[in-house]
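Student: Based on what follows, work out the 3D shape:
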Amino acid sequence: MKPVQLEVQALTDAMERAMVRKDLATAKHHSRVAEVCLRIGKHLSLSDAELALLELSALLHDIGKLGVDDAILKSSQALNQGQWEQMRAHAEIGFRLLRGFEELPGVAEIVHAHHERWDGAGYPRRLKGAETPLLARVIAVADAFDAMVHGRPYRAAVSEALAAQEIMQHRGTQFDPDVVDAFVAGLNPVGLPVSVHATLWHGLMT
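Tutor: The predicted model follows:
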């Protein structure tokens with residue numbers, strides 16, 4: 001590895017260790033999301049440099065949860081409005097945490113935008129369409145898929161097939177259509193149900 005690569009690896013490892021101490025479930029989520037992101041990225045024909053940046057950003061996308069109260073992160077109950085506001089602050093916290101590191105160019109902006117939506121109804125800045133960086137749009141799909149497949153303490157997991165169907169139902173609204181198409185090509189889900197309740201998980205992907 002080059003010296004700069006070693007610095008980036010050391011920095012990333014340190015942040016991931018901090019996340020493991022804070023919330024092991026989130027740290028594991030980071031790794032799974034990064035894997036799905038790479039599958040999507042390859043089907044989008046991203047360059048090697050873009051894939052490296054995508055993987056790094058995915059591994060750190062929820063690092064802002066270091067600043068979220070443990071009681072909220074590990075709550076076994078559905079979050080109330082005030083708690084949701086605190087949870088959603090993790091995108092802004094992550095941006096502030098990462099933007100000062102010259103070793104991580106571009107990562108802070110991607111982390112900042114990974115909860116934006118294609119239709120402009122996301123957070124924290126309500127970016128619309130291509131206003132959101134492409135790599136953040138990739139993470140948005142992978143993040144939502146993993147959240148559904150692995151569940152949360154306050155809601156049950158669903159099958160990969162059902163989660164993939166839900167992602168496709170939000171193609172062009174919550175998610176970039178091209179990214180969804182690449183996700184389907186990369187995951188190659190089988191056994192998708194013919195019909196899914198349209199409200200399943202709607203607006204609850206965190």
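Student: Can you pull up the most central residue in this structure?
Tutor: Central residue of the chain (C-alpha atoms, centre = their mean): Asp143, 3.4 Å from the mean position.
Student: quick one: that residue and Ala10, what's the gap?
Tutor: Summarising the geometry, the distance separating Asp143 from Ala10, computed by C-beta to C-beta, to the nearest Å, is 25 Å. Just so you know, the C-beta spots here come from the backbone N, C-alpha and C atoms, and that holds for glycine as well.
Student: hmm, back to that, so the residue nearest to the centre of the chain is in which element?
Tutor: Taking DSSP states H and E as the criterion, Asp143 maps to helix 134-150.
Student: Mind pulling up the pLDDT for Met19?
Tutor: The predicted structure scores Met19 at 81 on the pLDDT scale.
Student: Ala49 versus that one, what's the distance?
Tutor: Plainly put, Met19 is 25 Å away from Ala49 if you go by C-beta to C-beta.
Student: So which of the two has more stuff around it?
Tutor: The neighbour count for Met19 versus Ala49, taken as other C-beta atoms under 10 Å, is higher for Met19 (22 against 8).
Student: From Ala52, how far off is the more buried one?
Tutor: With the distance defined as C-beta to C-beta, Met19 ends up 20 Å from Ala52.
Student: what do you get for His30?
Tutor: The gap separating His30 from Ala52 is 16 Å, by C-beta to C-beta.
Student: okay, the two: which has more neighbours?
Tutor: Neighbours were counted for His30 and for Ala52 using other C-beta under 10 Å; His30 has more, 21 against 15.
Student: which residue sits closest to that one, ignoring its sequence neighbours?
Tutor: What sits nearest to His30 in space, not counting adjacent residues and going by C-beta to C-beta, 6 or more residues apart in numbering, is Leu59, at 5.1 Å.
Student: any idea how far Ala34 is from that neighbour?
Tutor: 5 Å.
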